[in-house]
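Q: One predicted model, sequence on top.
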Number of protein chains: 6
Amino acid sequence: MFMRVDRLITELPPPAQQDPNAAAALQELLGGKYGEMSTLGNYMFQSFNFRSKDKLRPFYSLVASITAEELAHVELVSNGVAMLNNGPDKPAADRKPGGDISKTPHEAMKDIRLASAFLSNGGGATPVNANGVSWNNDFVTTTGNVIFDLLHNFHLECGARLHKLRVYETVSDPTGREVCGYLLVRGSVHAHSYALALKKLTGVEIEKMLPTPNIPLAKIPECQKYLDEGSHRRLYTWSLEDYREISGIWSNDEVALPDDPPGALEVIEGMPDGGKIQQLVGVPSAFTPDYAPEEFYEIAAKLYKASR
Amino acid sequence: MFMRVDRLITELPPPAQQDPNAAAALQELLGGKYGEMSTLGNYMFQSFNFRSKDKLRPFYSLVASITAEELAHVELVSNGVAMLNNGPDKPAADRKPGGDISKTPHEAMKDIRLASAFLSNGGGATPVNANGVSWNNDFVTTTGNVIFDLLHNFHLECGARLHKLRVYETVSDPTGREVCGYLLVRGSVHAHSYALALKKLTGVEIEKMLPTPNIPLAKIPECQKYLDEGSHRRLYTWSLEDYREISGIWSNDEVALPDDPPGALEVIEGMPDGGKIQQLVGVPSAFTPDYAPEEFYEIAAKLYKASR
Amino acid sequence: MFMRVDRLITELPPPAQQDPNAAAALQELLGGKYGEMSTLGNYMFQSFNFRSKDKLRPFYSLVASITAEELAHVELVSNGVAMLNNGPDKPAADRKPGGDISKTPHEAMKDIRLASAFLSNGGGATPVNANGVSWNNDFVTTTGNVIFDLLHNFHLECGARLHKLRVYETVSDPTGREVCGYLLVRGSVHAHSYALALKKLTGVEIEKMLPTPNIPLAKIPECQKYLDEGSHRRLYTWSLEDYREISGIWSNDEVALPDDPPGALEVIEGMPDGGKIQQLVGVPSAFTPDYAPEEFYEIAAKLYKASR
Amino acid sequence: MFMRVDRLITELPPPAQQDPNAAAALQELLGGKYGEMSTLGNYMFQSFNFRSKDKLRPFYSLVASITAEELAHVELVSNGVAMLNNGPDKPAADRKPGGDISKTPHEAMKDIRLASAFLSNGGGATPVNANGVSWNNDFVTTTGNVIFDLLHNFHLECGARLHKLRVYETVSDPTGREVCGYLLVRGSVHAHSYALALKKLTGVEIEKMLPTPNIPLAKIPECQKYLDEGSHRRLYTWSLEDYREISGIWSNDEVALPDDPPGALEVIEGMPDGGKIQQLVGVPSAFTPDYAPEEFYEIAAKLYKASR
Amino acid sequence: MFMRVDRLITELPPPAQQDPNAAAALQELLGGKYGEMSTLGNYMFQSFNFRSKDKLRPFYSLVASITAEELAHVELVSNGVAMLNNGPDKPAADRKPGGDISKTPHEAMKDIRLASAFLSNGGGATPVNANGVSWNNDFVTTTGNVIFDLLHNFHLECGARLHKLRVYETVSDPTGREVCGYLLVRGSVHAHSYALALKKLTGVEIEKMLPTPNIPLAKIPECQKYLDEGSHRRLYTWSLEDYREISGIWSNDEVALPDDPPGALEVIEGMPDGGKIQQLVGVPSAFTPDYAPEEFYEIAAKLYKASR
Amino acid sequence: MFMRVDRLITELPPPAQQDPNAAAALQELLGGKYGEMSTLGNYMFQSFNFRSKDKLRPFYSLVASITAEELAHVELVSNGVAMLNNGPDKPAADRKPGGDISKTPHEAMKDIRLASAFLSNGGGATPVNANGVSWNNDFVTTTGNVIFDLLHNFHLECGARLHKLRVYETVSDPTGREVCGYLLVRGSVHAHSYALALKKLTGVEIEKMLPTPNIPLAKIPECQKYLDEGSHRRLYTWSLEDYREISGIWSNDEVALPDDPPGALEVIEGMPDGGKIQQLVGVPSAFTPDYAPEEFYEIAAKLYKASR
């Protein structure tokens, strides 16, 4: 089971301007083969299907706990997509409720790369890649063979890193860049942790392949504050009581990757504090939350009051 | 963000025997259009994309908190699938490590309906339906229009109920029947809650359409214990601190559906206790966790010890 | 535009017994690459996209009018599928409304080839092939090049004939066989008509390739009555007033194919009389039309009365 | 069965200019989840699979007759797409037959959003959405449960309305706007009719949710003439003799929705007059109908003459 | 089995500039329904599945040998795609290894039509069409019926020609135009050869439909040198020793198509000489072959030396 | 470019009987995520897209040459599928040309798992997996990053091995078992070779993870003769003149994996001798090559003679 916390894994700066094609690029990190839906889907189903959970507890706990972080990554990229599609979160002229919509107020949306993102989703995120192709079961590997699934996961995280780097290179908006910067640090942790798991089981020092691509995180300014706070050395249990056995793998005997700020690896019980989730102010002319939502707001206010 | 708890939302009885076609039927409730991946995917992306979250707090909180329960439902069905594919969780003759695999030990798997479930997933669950067709973005509706998305969700839960009823009618194994029975009760709660949300916003008493199909839960023996404990009147916040505003919608002023045991609706902060997750003992001849996993078990035991 | 007539293009004999796998085989003729959804989809979009309709009137009218017949073919196969999934149309023991559904009344459905046909569609037809794979845009060719589109259509009808023959060879039930027998005759007409259109435009006597496969219709007992009544020589306008120009292509100067009963080709204004559509009596235990539908029947009876 | 009439459900004004991205936006209303292929596919298969047709006649007739109108809607959007891809229907310089094609005459098509629409379809419409993703069986719900299928259809029409509104807001060309304006009125009728059907069966006044989104048709100038003529109060039988029982549901006792011009609802036997279908003059340089089609025109003229 | 030769079937001129949308247009000829993956996939599986290979040797050999040429066509289009995505093959400022990547060096890639081509493939070719939709089994027809499969192949080659012509009309870069020009000549040979095979078996002179579309190759300047060297009259065995029996079909008794330079048809044992394959110099800032690849180059140089 | 040789990479024993479900199981090794179409598609596109081919020659040559072997593997599995669908290659009673087909001669095909394999492909192989789901671009990884692509390939070969083992365990027929046995040996070579490539570039001894799953080839009787002849130590160039640089990676300094028969690794210029391809005698009642093919055989015989 999973509990929910109404926080974002890291706070995103507001977008400088509406940039649907940047949002579409970010979709590659959400619904693409090497995107967050894939890391989520792979680890989630692997953890459900895991064999002999007790006998292989540290390995089960590793896959199970990272699953929870991937949910937060899916949320982070989705927020980034919606924010970039939306632009700065303040009411614009065309955003007042109940106005005249007959003057083609959203003509610009006709020419964006993934027009359905506006037409169907009102600028919201969906599990598709940068070309609009859906995430699907083809991206899920769950064989039940523990070495192979771990190897797959190591390869998946390396591939995810490459995709994050390339998306980062195409977006200039701070929102999109922050998403990439944060995920590069955390993705690096996950790649490292699967490498250590494989090393424990096979003796192969596969973590020496990292970083792949061979560019250190230090080259990405947006990674800096996360490196400074030691995020690259921390693995969370994402649980109040469970999954502590990951410290058998991500242990103090192991240290940070050579290119990163040095220090011992550490397991944190629980999860990061995270930051505030964006409000995403509605766009009445796009019928979000509706064309004339004032009445809804009043109803909601009353219900809110009643709930307290 | 989401925290993980290593418990199943309700404990499943062990399967009486291996029944891959029953597992395949259950897949309809996992990866089908009206399955749990769909309820999860719809509510998760709707909550990420929700507009004016603060102004519409009770409605946002409703969608956001139910998302967390859907994760537990995906987990429940996945466990059911894996258990039915696996059969009773005790070492069989062909399950001893390192034996002779040349005598076609899994010939029966050649004729099961979804052979890839064995060949590719070692009996594990994946996000596909009962015909092996993948879950995908076509099943996600997230428009940002609050009335429409709620209406969609109400329809989705009614459709999910219909599918659960039909799957229930095809499986005789206690594992599969328990999955259906439990989900019928909880799905009913979700349909009811979306109906109430729509009623608050539009005045239409759409909850009067329930139950759809028009069969009361009392007709399903497996639902009985859940009705007895009042599960049909409870909505969880699935959070330690957030989403309490759902009590503005699922309020004590509202009561259980007419066919169900009577009583006021209640919001529970937090989540249900849940039950134990199945171990899924490995099948070395199927290379889960591997052909000769003893060495892995020893390594894991040492790491486990080190983690304490 | 299209008007609808509540008749089936030919009347189907009731099935001897429920045979979901035969229904699944028939699905190949509905949603497969060479099935009726494909002939419909190709001709419908070709007719919508047709260039210089007036200048090429006889060719436009050919594609446009056959489109209408393909709708009737989609309807015919769909009826066949639903009938075979359903079995004989009389209330069985498990079909009485409001009974006990807890004894796994539809366990047999767990093992049928396309279980979703029961679980999701209650035995109804959907646009998928015999493996459950969806019909989609990949099966539509509409280039706007008149020679190429006609050549494609000729190839499509030949392929459709081959598939009909093979499905025919796998089903023993009279319902499924009648569907195949009828469609073989009409498909032959369509192949012939596209061949003549190509001959008019290019001089190539491509109709001499018919029949492909090289088995005469006379070998199929179910085709006999249709040959006897001359169906193989008739092309309908499927319209009250339009598309008569097809007689420039399917003209009296042309005769039946050598293997078929001889005679001149003829264009019929309008459509065939057709036969009665099956009622498909509901199965309350499968929630069709519902679990306890009597009240609905009463409401419908009153509304029916009011409408007269 | 269906008969065809060579008229468009409403006449479309010629496009002001070639606008392939506007055509691509319109594709959302053709092949998208909430597009016309979906309304067609859902109602068509539901009507084929309908249980106990006689006992539930008014409901069967409702779904069956609206199916026919959806065909006309598919045709309308397809015509709009082809017209916008094509531009004004007069021979341009590059449209003369048999010329030099080596100077990259269609370079602009390289940069349009859905390039395959030109490369593969010569500007014709196909069943894909605004992102080029195919329509498919995932969009078809046909369960055989009458309440649920009607509820699904009500939700589908509401979703379709939302998508039409958004596409309308992105296109400035009169052709595309007319398509949206017309469909908004007729879609509203269909949503209303399914709401009334549900009300008859369940007592729930679900029509009070309309309009969703909550913007009245009067806000759309292109809807005005259709409202003036009372189109919003009319449901057609789309048949010469059948489906009259829909007047049990869409009855004179019911009136127009509050925001629309007032008046009693009325059932019209038959179909609307409709308007002229566009010729779509060929583009020889795009090989439609061919590179040097004059010979074809002569052949067709002779055949046309022969057919009279 | 297949042997590989490190040569391209014809040498491509370097691109004048980076043009990802031209590359995307070319993708239609790679992964589209009528692209080279389709000709390859169809003939390859038909040759594997061919019945009574010895009894029908000339026909088997035809399909089998053309399969090999289609591999070379897939390679040719793929090279064209990669070259156009890449631009001229010389190190640009942003291509030096190990630099600062934080200044959004690939911002232009955010707005290209198929952004995943950069984000996921680093500008490489993949089996998708111009809209980014994947090649798949829907495009493969292999029925085992010899007449029908040949007819399908004839239609496929005609369709391929139409698509090549349209892509040609949208690209101005010499690389893309050369790909189209070459493939038009060779595609014409394949259409011709399947026509002759059908003629031998059925007597129908279907080759008289060629060229379809009805534009002669002479109209395409890029075809000229290939016509001059007689490429349109040559069919290769693509084998050292096998498939010579194709000369029973593509025989000296047959001559070139009327519009093309005259002469007898000829079978060439073996394959064309072909040309040099492009190097595709890496782009370190896109992590191809990596961010700082010098060390790899050194290792490779040593290994290369060791291999000699 | 590729040349073709009319030989199978290893000769397959004839099937003991027709076993369509075994053929369907084998399809997992053809069109599944970890099947031969995937190894082919990945290496083929990686080799086309390879950056700085000259500078990284040994690595380029490795990927390029293995591509050719994967074609032979696709051919081998396809032959296995067709043979198992077909059964022993001798004319049966129902196989005589021109007979009566009205007695449901292929009723057994109605109940096989992948009925379309008969209905559409006449028992031929197609690029789908064991559930009938198509191979597609989702299975292709080609990033241009040399380390990552090699790591992906290593993981792909390990996954392929696991799938081969499982398919092997479900089929008792000698044809299917030989396919698996052969591919296990060769797949092991490919996994080993990618591991060595990674070791050269990164220093990580990743080959120590082999075999994964951890069962030695010696446990598979069908592998024995290939081990005896040293196939596990041989890498072919699959070329007359190119790709010799692979000996920089697969060098004599390296030896066989510890569990396999010992010896130095060796590069063979060229390809294996292979064996005879099955004739696949036609089934006239299934219209392969046609219903009454004698005339075709005569035509072919004459053409064959003319070709000599």
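A: Received, thanks.

Q: From here on, just use CA atoms for contacts and neighbour counts.
A: OK.

Q: confidence score at residue A:89?
A: On the pLDDT scale, residue A:89 is placed at 77.

Q: Using PDB, write down the CA coordinates of stretch A:17-28.
A: C-alpha atoms of stretch A:17-28 as PDB (Å, rounded to 0.1, in the frame of the first residue of the first chain):
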ATOM      1  CA  GLN A  17       6.500  31.700 -20.100                       C
ATOM      2  CA  GLN A  18       4.100  29.300 -21.700                       C
ATOM      3  CA  ASP A  19       6.200  26.800 -23.800                       C
ATOM      4  CA  PRO A  20       4.200  23.800 -25.000                       C
ATOM      5  CA  ASN A  21       7.000  22.400 -27.000                       C
ATOM      6  CA  ALA A  22       9.300  22.400 -24.000                       C
ATOM      7  CA  ALA A  23       6.500  20.600 -22.100                       C
ATOM      8  CA  ALA A  24       6.300  18.100 -25.000                       C
ATOM      9  CA  ALA A  25      10.100  17.500 -24.700                       C
ATOM     10  CA  LEU A  26       9.600  16.800 -21.000                       C
ATOM     11  CA  GLN A  27       7.000  14.200 -21.900                       C
ATOM     12  CA  GLU A  28       9.900  12.000 -23.100                       C
END
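
Q: where along chain A do the helices fall?
A: A:20-31, A:36-49, A:57-86, A:116-119, A:146-170, A:174-202, A:224-228, A:294-307 (DSSP state H).

Q: can you list those in a markdown table and add mean pLDDT?
A: Listed next are the helices of chain A as a markdown table, based on pLDDT from 0 to 100:
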| stretch | mean pLDDT |
| --- | --- |
| helix A:20-31 | 98 |
| helix A:36-49 | 98 |
| helix A:57-86 | 98 |
| helix A:116-119 | 98 |
| helix A:146-170 | 98 |
| helix A:174-202 | 98 |
| helix A:224-228 | 98 |
| helix A:294-307 | 96 |
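
Q: would you turn those into CSV with mean neighbour count?
A: As requested, those are exported to CSV (neighbours: other Cα atoms under 10 Å in any protein chain shown):
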stretch, mean neighbour count
helix A:20-31, 30
helix A:36-49, 26
helix A:57-86, 26
helix A:116-119, 27
helix A:146-170, 26
helix A:174-202, 23
helix A:224-228, 15
helix A:294-307, 17
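
Q: closest to chain C out of those helices?
A: Closest to chain C of the helices of chain A is helix A:116-119 (Cα to the nearest Cα; 17.6 Å).

Q: I'd like the distance between residue A:180 and chain F.
A: 18 Å (Cα to the nearest Cα, to the nearest Å).

Q: show me the contacts for that residue.
A: Neighbouring residues of residue A:180 by Cα atoms under 8 Å, 6 or more residues apart in numbering or on different chains: A:164, A:165, A:167, A:168.

Q: if you set the cut-off to 7 Å instead, what comes out?
A: A:164, A:168 (Cα atoms under 7 Å, 6 or more residues apart in numbering or on different chains).

Q: ok, now how distant is it from residue B:167?
A: According to Cα to Cα, to the nearest Å, residue A:180 stands 42 Å off from residue B:167.

Q: Equivalent analysis for residue A:292, please.
A: Separation of residue A:292 from residue B:167 (Cα to Cα): 42 Å.

Q: do the same with residue A:7
A: From residue A:7 to residue B:167 the distance is 37 Å (Cα to Cα).

Q: What of residue A:262?
A: Residue A:262 is 55 Å from residue B:167, where distance means Cα to Cα.

Q: Tell me the confidence at residue A:271?
A: So residue A:271 comes in at 98 (pLDDT).

Q: whoops, residue A:56 was the one
A: 98.

Q: so it touches residue B:300, yeah?
A: Yes. Counting by Cα atoms under 7 Å, residue A:56 touches residue B:300, with 5.3 Å between them.

Q: Save the helices of chain A as TSV, and put in distance to residue E:188 too.
A: Converted to TSV, the helices of chain A look like this (distance: least, Cα to Cα, whole Å):
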stretch	distance to residue E:188
helix A:20-31	39
helix A:36-49	43
helix A:57-86	47
helix A:116-119	39
helix A:146-170	41
helix A:174-202	48
helix A:224-228	59
helix A:294-307	65
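
Q: right, so of the ones you listed, which gets closest to residue C:245?
A: Nearest to residue C:245 among the helices of chain A is helix A:116-119 (41.0 Å), distances taken as Cα to Cα.

Q: What helices and strands are in contact with the closest one?
A: helix D:146-170 (3 or more Cα pairs under 7 Å, 6 or more residues apart in numbering or on different chains; DSSP states H and E).

Q: The helix it packs on vs helix D:36-49, what angle?
A: For helix D:146-170 against helix D:36-49, the angle by axes from the mean of the first three to the mean of the last three Cα atoms, to 10 degrees is 160 degrees.

Q: Figure out how far helix D:146-170 is from the centre of its chain.
A: On the basis of Cα atoms, centre = their mean, to the nearest Å, helix D:146-170 sits 13 Å off its chain's mean C-alpha point.

Q: Same check on stretch A:249-265?
A: On Cα atoms, centre = their mean, the centre of stretch A:249-265 falls 23 Å from the chain's centre.
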